[in-house]
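**Student:** Got a predicted structure here, sequence first:
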Amino acid sequence: MANIKSAQRQAKKNKKRRLVNLARKTAIKTSIKKLNSAVEQNADQKQKEQLLKEATVQLARAKNKGVVHKRTAARKISRLAKRIAVAHK
């Protein structure tokens, strides 16, 4: 543990940020898993599009907050959209 007061405050902030970032990553993974299971179960197109929108929002928010790199977010969104398009045919 840090001895200097400012370092202690910084350590406390880092701990809080780590938990927020972990929650964001978990939300992303959950939304992607929901979308993948909907595609595998041949859910209706509206439900898949709604789940895609939710996953896109989660990824965009994580990208804007710096949790995920912008290209990583773009790649994941692209792959999810492509998967839905292929399943729709």
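**Tutor:** Okay, I see it.
**Student:** and Ala43, what element?
**Tutor:** Under the criterion DSSP states H and E, no helix or strand holds Ala43.
**Student:** and if you look at the one 5 residues further on?
**Tutor:** For Lys48, the enclosing helix or strand under DSSP H and E is helix 45-65.
**Student:** same check, this time on Leu80
**Tutor:** Leu80 is part of helix 70-88, with elements assigned from DSSP H and E.
**Student:** Contacts only, for Ala38.
**Tutor:** Contacts were defined as C-beta atoms under 8 Å, 6 or more residues apart in numbering; by that measure Ala38 touches 47-48, 51. C-beta: built from backbone N, CA, C; applies to glycine.
**Student:** pLDDT on the longest helix that the chain contains, on average?
**Tutor:** Longest helix of the chain, by residue count under DSSP state H: helix 5-40. The average pLDDT for helix 5-40 rounds to 96.
**Student:** if I look at the most centrally placed residue in the chain, how far off is Glu40?
**Tutor:** In the chain, the C-alpha closest to the average C-alpha coordinate belongs to Ile28, at a distance of 2.6 Å (C-alpha atoms, centre = their mean). Ile28 sits 19 Å away from Glu40 when distances are taken as C-beta to C-beta, to the nearest Å.
**Student:** Touching, Leu35 and Leu80? I think so.
**Tutor:** Yes: between Leu35 and Leu80 there is a contact under C-beta atoms under 8 Å: 6.0 Å.
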